[in-house]
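*Asks:* Sharing a sequence plus its predicted fold:
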Amino acid sequence: MPLIHEPGTQWEYSNLAYFLLSQVVERASGKSLRVFAGEEIFGPLGMKSSLFNDNVNQPVTNRTDGYRLMDDGTYEIYMTNLDWVGDGGVYTTLDDFLAWDRNFYANKLGKGGDDLMAMVTTPHPDAAVGGDGSIAGAMYAFGMQLGIAHGEPVVGHTGGWVGFSTMYQRYPDLSLSVVVFCNSTDVSGSELGDNVAAIAVSAIKNSGKD
């Protein structure tokens, strides 16, 4: 498969790239991504219910199914049977995800300190152009989109796969995070989350006014 562009010259989102990164982690560590993440990320952060699910036949306690709304108004299960991980496959809970979110303010991973968090939220300086020719690519860091929302700097990402859609927005200047997990195709995680964020940001910014 030919390269879309020369490495280091521009940014373009790619699920394949995240899967390849998982292969790099496995070869470098000699461990599956599931084991590596459990030891190096989920364990240190106390995320006891989080894992990379590389065995879709394994029972997962309290797992939520995804659903698809049918034309007749009924629902059917809408799940995946894919067992590769890296570009997805993370199972987590809201409590665990909030532990991950708090780590941006007091990092416990790696050697600790602020350097790791600064790195993962800083776009690569040599990839300033997006795949569509815009400069929006400069605002994409290590799995994090940087931008402005509701008049405030924001870091986050959206996601969607089969019956699930998600949204995560962190407003560092306000110490505010909005997290939305949806498990039906008739609900948009990004739309719902942005509506919640608009209300929360406005409330915080107006809380100090007479």
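*Replies:* That came in fine, so what should we check first?

*Asks:* Could you use CA atoms for every contact and neighbour count after this?
*Replies:* Noted.

*Asks:* Helices of this structure, residue ranges please.
*Replies:* 15-29, 33-37, 94-102, 115-120, 189-206 (DSSP state H).

*Asks:* any idea which of those is most buried?
*Replies:* helix 33-37 (a mean of 19; mean count of other Cα atoms under 10 Å).

*Asks:* Check what contacts it and list those residues.
*Replies:* Applying Cα atoms under 8 Å, 6 or more residues apart in numbering, the contact partners of helix 33-37 are S22, V25, E26, S29, G43, L51, F52, N53, D54, V85, G86.

*Asks:* again, 6 Å this time
*Replies:* E26, F52 (Cα atoms under 6 Å, 6 or more residues apart in numbering).

*Asks:* In PDB, list the C-alpha atoms belonging to it.
*Replies:* Taking C-alpha atoms only, helix 33-37 is exported to PDB below (Å, rounded to 0.1, in the frame of the first residue of the first chain):
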ATOM      1  CA  LEU A  33      -1.300  -4.300  24.300                       C
ATOM      2  CA  ARG A  34      -3.900  -5.600  26.800                       C
ATOM      3  CA  VAL A  35      -1.200  -6.600  29.300                       C
ATOM      4  CA  PHE A  36       1.100  -3.600  28.700                       C
ATOM      5  CA  ALA A  37      -1.800  -1.100  29.100                       C
END
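
*Asks:* circling back to that earlier point, dump the helices of the chain into JSON lines; add mean pLDDT as well.
*Replies:* Converted to JSON lines, the helices of the chain look like this (pLDDT from 0 to 100):
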{"stretch": "helix 15-29", "mean pLDDT": "94"}
{"stretch": "helix 33-37", "mean pLDDT": "98"}
{"stretch": "helix 94-102", "mean pLDDT": "97"}
{"stretch": "helix 115-120", "mean pLDDT": "92"}
{"stretch": "helix 189-206", "mean pLDDT": "96"}
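
*Asks:* So, low pLDDT: which residues of the chain?
*Replies:* 126-138, 208-210 (pLDDT under 70).

*Asks:* now the most centrally placed residue in it: how far from S14?
*Replies:* Nearest to the mean C-alpha position of the chain, by Cα atoms, centre = their mean, lies H157 at 5.3 Å. Distance of H157 to S14, computed by Cα to Cα, to the nearest Å: 14 Å.

*Asks:* same check, this time on A149
*Replies:* 24 Å.

*Asks:* The two: who's more crowded?
*Replies:* A149 (15 against 9; other Cα atoms under 10 Å).

*Asks:* so how far is V201 from that one?
*Replies:* In terms of Cα to Cα, A149 sits 9 Å off from V201.

*Asks:* cool, L21 as well?
*Replies:* From L21 to V201 the distance is 35 Å (Cα to Cα).

*Asks:* before we move on, the earlier item: got the helices of the chain as TSV, with distance to R170 columns?
*Replies:* Shown next, in TSV, are the helices of the chain (distance: least, Cα to Cα, whole Å):
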stretch	distance to R170
helix 15-29	22
helix 33-37	22
helix 94-102	8
helix 115-120	13
helix 189-206	9
